[in-house]
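everything below, folded, please.
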Amino acid sequence: MRPVSRTCSSPFTVGAIPMLRNVFLKAIQEQRRSLFWWVVGMSTLNVGTLLFYPVIKDATGINELMQEFGPLMEPFMGGIEDITSPEGYIHSQLFSFMIPLLFIALGITVGSGAIAGEEERGTLDLLLSNPLDRWRVVVEKFGANLVAMALLAIGTWVGLVVGVLMVKMDISYVRLAEATIGSALLGGTFGALAFALGSAWGKRGAAAGITSAVAVAASMLDTLAQFVDWLEPLRFASPFYYYNSGSPLVNGLDPLHVLVLAGLTAALLAVAVVTFERRDLGIG
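Purely as a prediction, here's the structure:
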C-alpha cells in the first residue's frame with residue numbers, strides 16, 4: 001500500500017520559503033488588506049470633513065466665539081488664529097486630533113504585532129529556522145512598518161487634496177504634505193516604541209497598552225504645559241511638542257523637529273535590535 005501523501009495548508013510551506021526568507025515582503029503581504037482599509041478610511045474621513053468647510057467659511061462670529069475661550073483653544077489651533085481660513089479649519093478639524101490619532105493607532109498596531117505578534121502565534125520559530133540573522137528580522141519588520149506609515153501618509157494627502165479641490169480651498173498642497181509627514185513621523189515614533197517593547201518582551205498586549213498610555217501622557221503633558229508654568233520646561237520631553245509647534249500648515253516642517261522625531265525612532269529601532277538579539281524567545 002502506498003503511503004498517503006499529505007498537503008500542508010499552512011502558509012509556511014516549501015513554496016513559501018523564499019517569501020519567509022524575505023521578511024520585509026512577507027510583512028507587507030500580511031498587512032496589505034488591513035492597510036488598504038486604513039487608507040480608504042483616512043481618505044474618506046478627510047474628504048468628508050472638508051466638504052463641510054463652506055458652511056464654516058461663511059459662518060459669522062466663529063472667530064469671536066473662539067476668542068472668548070482665549071488660551072483654552074490655542075492647543076487646538078496650532079498657532080492659527082482664523083478658524084475659518086483653510087489652514088485653521090483643516091488644523092482644528094483634522095491635524096489637531098484625528099489624523100495624528102489614527103497615525104499613532106496604526107503605528108501601535110503594526111509595531112506591537114511585528115515581532116510579539118509572531119511570537120504569540122508561534123510562527124516566529126519557523127521564521128527564524130531560515131538562515132536569517134535576528135537583527136535582519138527586526139530591521140526588515142521595522143522597514144515594513146515604515147512602508148505602512150508611508151502608504152497611509154500618501155492616502156491621507158490624496159484625500160486632503162481631493163477634498164480641497166472639491167470645495168475650492170486656497171491652500172498649498174506642499175504644506176498639506178508637510179503636515180501629513182509630521183503626523184506620520186509622530187505615529188512612527190510611537191510605533192517604534194511599541195515595536196521596541198514587543199521585541200524586548202514578546203508580549204503584544206503589553207507593548208500596545210504601555211505605548212498607548214505613554215502617548216496619552218505625552219499628549220496631556222504637551223497640552224498642560226501650555227497653561228501650567230512649572231510644566232513648560234517638560235514640554236520638550238513630549239513628541240507632541242515636535243509635532244504641534246511651528247504650524248506646519250502655515251510655516252512648513254521645522255527641520256530640527258523632524259530630526260528629533262526621526263532620531264527617537266532610530267534610537268528605538270536600535271533598542272529593538274539589541275534586546276531581540278539578546279533575549280530568549282518564548283516560541284513553541
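
state the helix or strand in which V137 lies.
For V137, the host element (DSSP states H and E) is helix 134-167.

so how far is that helix off the chain centroid?
Distance, stretch centre to chain centre, for helix 134-167: 8 Å (C-alpha atoms, centre = their mean, to the nearest Å).

what's the first helix or strand after it?
Later in the chain than helix 134-167, the nearest helix or strand by DSSP H and E is helix 173-201.

quick one: low-confidence ranges for the stretch 51-200 of the chain?
Scanning the stretch 51-200 of the chain for pLDDT under 70 picks out 60-61, 63-80.

for V274, see how far away the residue nearest to the spatial centre of the chain is.
Centroid check for the chain by C-alpha atoms, centre = their mean gives G187 as the closest residue, at 2.6 Å. Going from G187 to V274 by C-beta to C-beta, to the nearest Å gives 23 Å. C-beta coordinates here come from the backbone N, C-alpha and C atoms, glycine included.

same question, T44
Distance, T44 to V274, by C-beta to C-beta: 40 Å.

swap in V216?
27 Å.

which of these two has more neighbours?
The neighbour count for V216 versus V274, taken as other C-beta atoms under 10 Å, is higher for V274 (15 against 11).

quick one: mean pLDDT over the helix or strand encompassing the more buried one.
Element membership of V274 [criterion: DSSP H and E] is helix 255-278. What helix 255-278 shows for mean pLDDT is 98.

helices or strands next to that helix in the packing?
Counting contacts by 3 or more C-beta pairs under 8 Å, 6 or more residues apart in numbering; DSSP states H and E, helix 255-278 is packed against helix 134-167, helix 173-201, helix 239-244.

can you get me a residue count around P131?
P131: 6 neighbours (other C-beta under 10 Å).

over to F52?
By other C-beta under 10 Å, 13 other residues sit near F52.

list phi and psi for it.
phi -90, psi 0 (degrees, to the nearest 10).

do you know how far it is from E81?
In terms of C-beta to C-beta, F52 sits 20 Å off from E81.

ok, and the closest non-adjacent residue to V137?
V23 (5.3 Å; C-beta to C-beta, 6 or more residues apart in numbering).

I'd like the distance between that neighbour and T123.
12 Å.

which of the two has more residues huddled nearby?
V23 (23 against 17).

fine by me, we can end here.
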